[in-house]
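*Asks:* need a 3D model of the following:
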Amino acid sequence: MTDTNTTSTTEESKTMIEFDSVTKIYPDQTVAIEDISFEVERGTTTVFVGPSGCGKTTTMTLVNRMQDPTEGTVYYDGTDIQDYDKVDLRRDIGYVIQEIGLFDHMTVGENIATVPELKGWDRDRIDERVDELLELMNLPPETYRDQHPTALSGGQQQRVGVARALAADPNVILMDEPFGALDPITREELQDEFLDIQERIDTTILFVTHDINEALKMGDKIAIFDVGELVQYGTPTEIIREPANDFVEEFIGADRTLKELQITSVRDVMQDCATARDGLQESVSDITAGVKTDGGELVLADGTGEQYVTPTDSVDIALSRMIQIDATSIPVVDDGELVGIISESDIRAHQSAGGDR
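*Replies:* As a prediction, this is how the structure comes out:
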């Protein structure tokens, strides 16, 4: 048995998961996936996307040995996954599914503590971890720890499901259509919250969806599947700008330029204060009712949310707000501090240069 938590004394590899010529054929001779090869970098999110029955979920479940490959090798942290004990491996990998699968007879805190208890953590450590994760999920422990899942909304239950997957500090999390059953507003809220959480955890994530917009939003890399074949693997911008074939192009849809604006952050396009001093002063003076500087410090009037953007906003939001205020540029604000400017010309230049996030 291999200890999944053993830390190598050599320099840590950038690759967390590798598929090497992997094929999965079911007993009825159905070919689920055929000869797929790709690598997942440590600490990144890779999204598997494609139509129903294309092999994306099969590929993901090979990672925690819910299924084993017919041919080829799956490597987990540099080791053939067949060398791991299945039970230990699954306790080391977080798993979030669309149906959530919380235990209704257990409290929220007990649900989150399930895997740490199986791994033998002491009570104080478990309690501390439960409270930490509830705070991370915007579920105050004093309010939610002792509630039962049936008392929660669908979005709250899914947050608990994610907390449970993170509980034992796993190296890898598998997420199978985690937000698919939620209404559009809750789904977008959870997507945004999870993107924020990604910034604070060092975990490798495999994320399955059939929605290309969700894939483009959530993924550092995207694997597009079609009937058991890995058709294209790349960054969201690479997928949008250089679709591998007609299938990928049709799957992305006709509005590729808009999709690119939606996945490009203001941070990647903006000019900072030093670079854009003149343009920034002009932009700020054009919005005197909402944003101004006072002795070098930013002063925000009430109701000025549409007068500026943040570095983490997407470029399409910046364009939308420029239109709303009838301007060709808009200030960029981070934690109440004026940090730069983004303009229509900056966006056009970024697209022309082929910039990636």
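
*Asks:* quick check, central residue of the chain?
*Replies:* Centroid-nearest residue in the chain, with Cα atoms, centre = their mean: Met218, separated by 3.8 Å.

*Asks:* got the contact list for that residue?
*Replies:* Counting by Cβ atoms under 8 Å, 6 or more residues apart in numbering, Met218 makes contact with 45, 47, 191, 194-195, 207, 209. For the C-beta atoms, the positions are set from N, CA and C on the backbone; glycine is no exception.

*Asks:* put the buried members of those residues into a PyMOL selection.
*Replies:* Buried residues among these (16 or more other Cβ atoms under 10 Å), as a PyMOL selection:
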select buried, resi 45+47+191+194+207+209
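
*Asks:* and the furthest pair within the contacts of Met218?
*Replies:* Leu195 and Thr209 (14.1 Å; Cβ to Cβ).

*Asks:* could you pull out the helices for the stretch 201-350 of the chain?
*Replies:* Secondary structure of the stretch 201-350 of the chain (DSSP state H, counting those that start in this stretch): helices located at 212-218, 236-241, 246-252, 256-263, 277-285, 315-324, 344-353.

*Asks:* dump those to CSV, plus distance to His105.
*Replies:* Conversion of those to CSV gives the following (distance: least, Cβ to Cβ, whole Å):
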stretch, distance to His105
helix 212-218, 32
helix 236-241, 41
helix 246-252, 42
helix 256-263, 42
helix 277-285, 57
helix 315-324, 43
helix 344-353, 53
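
*Asks:* so which of the ones you listed comes closest to Val115?
*Replies:* Nearest to Val115 among the helices of the stretch 201-350 of the chain is helix 212-218 (23.5 Å), distances taken as Cβ to Cβ.

*Asks:* let me see the domain layout of the chain.
*Replies:* As assigned by automatic domain parsing, the chain contains the domains 15-263, 266-353.

*Asks:* with mean pLDDT added, can I get those domains in JSON lines?
*Replies:* Listed next are the domains of the chain as JSON lines, based on pLDDT from 0 to 100:
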{"stretch": "domain 15-263", "mean pLDDT": "92"}
{"stretch": "domain 266-353", "mean pLDDT": "75"}
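
*Asks:* can you give me the strands in the stretch 51-200 of the chain?
*Replies:* Listed in chain order, the strands of the stretch 51-200 of the chain (DSSP state E, counting those that start in this stretch) span residues 71-76, 79-80, 93-97, 172-176.

*Asks:* got those strands as TSV, with distance to Trp121 and mean neighbour count columns?
*Replies:* Written out in TSV, the entries for these read as follows (distance: least, Cβ to Cβ, whole Å; neighbours: other Cβ atoms under 10 Å):
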stretch	distance to Trp121	mean neighbour count
strand 71-76	22	17
strand 79-80	24	13
strand 93-97	15	22
strand 172-176	18	22
